[in-house]
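S.K.: A structural model of the following input is requested.
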Amino acid sequence: MYAVIKTGGKQYKVAENDVLKIEKIEGEVGKNVKFEHVLALGTEKNVTIGEPEVKGATVSAEVLEQKKDDKIIIFKKKRRQNYRRKNGHRQQITVVRILDVSGKGEAKKAVPAKKIAEKPAKAEETKVAAPTPKEPAKKPESKAKTATKED
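M.R.: Here you go, the predicted model:
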């Protein structure tokens, strides 16, 4: 079973025993945390999609580590202006291991492909025939002027 969770403004697809690096959350190393913002639950056969969240579904995880991520270099430059700025940033992250994905939400089954194909066919039958495009307007033929020589 897998789940799509939302934390730190990002969405992650997780399953049991996955190890994730996520934005910093409160929690000591070795403690368990729960993610209650579950957007979708799925198995190999069916998928439950929340509106916007799956009610009653939770994902529990263990905090493995609180640390800083790798440094990201920010470099700004404007050519021919002698303008250069170099800056670095290390984001605080939490490393977690997913322990359990539990979903008690109502399972919504995916719509079979046959029904999806049938719907547009019915819609076409009820449509009113579109008018045929008009022919482009003909340009009036201009009378060619003939030059005559008079002696």
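S.K.: Could you pull out the helices in this structure for me?
M.R.: Using DSSP state H, the helices of the chain run over residues 113-126.
S.K.: low pLDDT regions in it?
M.R.: 104-151 (pLDDT under 70).
S.K.: Could you pull out the strands in it for me?
M.R.: Secondary structure of the chain, counting by DSSP state E: strands at 2-7, 10-15, 19-23, 32-35, 38-42, 47-49, 58-68, 72-78, 83-89, 92-102.
S.K.: can I get these in JSON lines with mean neighbour count?
M.R.: Where C-beta positions appear, they are placed from N, C-alpha and C, glycine not excepted. Below are those laid out as JSON lines (neighbours: other CB atoms under 10 Å):
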{"stretch": "strand 2-7", "mean neighbour count": "20"}
{"stretch": "strand 10-15", "mean neighbour count": "14"}
{"stretch": "strand 19-23", "mean neighbour count": "15"}
{"stretch": "strand 32-35", "mean neighbour count": "15"}
{"stretch": "strand 38-42", "mean neighbour count": "21"}
{"stretch": "strand 47-49", "mean neighbour count": "17"}
{"stretch": "strand 58-68", "mean neighbour count": "17"}
{"stretch": "strand 72-78", "mean neighbour count": "9"}
{"stretch": "strand 83-89", "mean neighbour count": "9"}
{"stretch": "strand 92-102", "mean neighbour count": "18"}
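S.K.: which residues does residue 5 form a beta bridge with?
M.R.: The partner list for residue 5 in beta bridges (DSSP bridges) reads residue 12, residue 38.
S.K.: That one contacts residue 59, doesn't it?
M.R.: Yes. Counting by CB atoms under 8 Å, residue 5 touches residue 59, with 5.4 Å between them.
S.K.: who's in contact with the residue found closest to residue 37 once you drop the neighbours it is linked to in the chain?
M.R.: Once flanking residues are discounted, residue 37 sits nearest to residue 6: 4.3 Å by CB to CB, 6 or more residues apart in numbering. Each residue near residue 6 by CB atoms under 8 Å, 6 or more residues apart in numbering is listed here: 12, 35, 37, 39.
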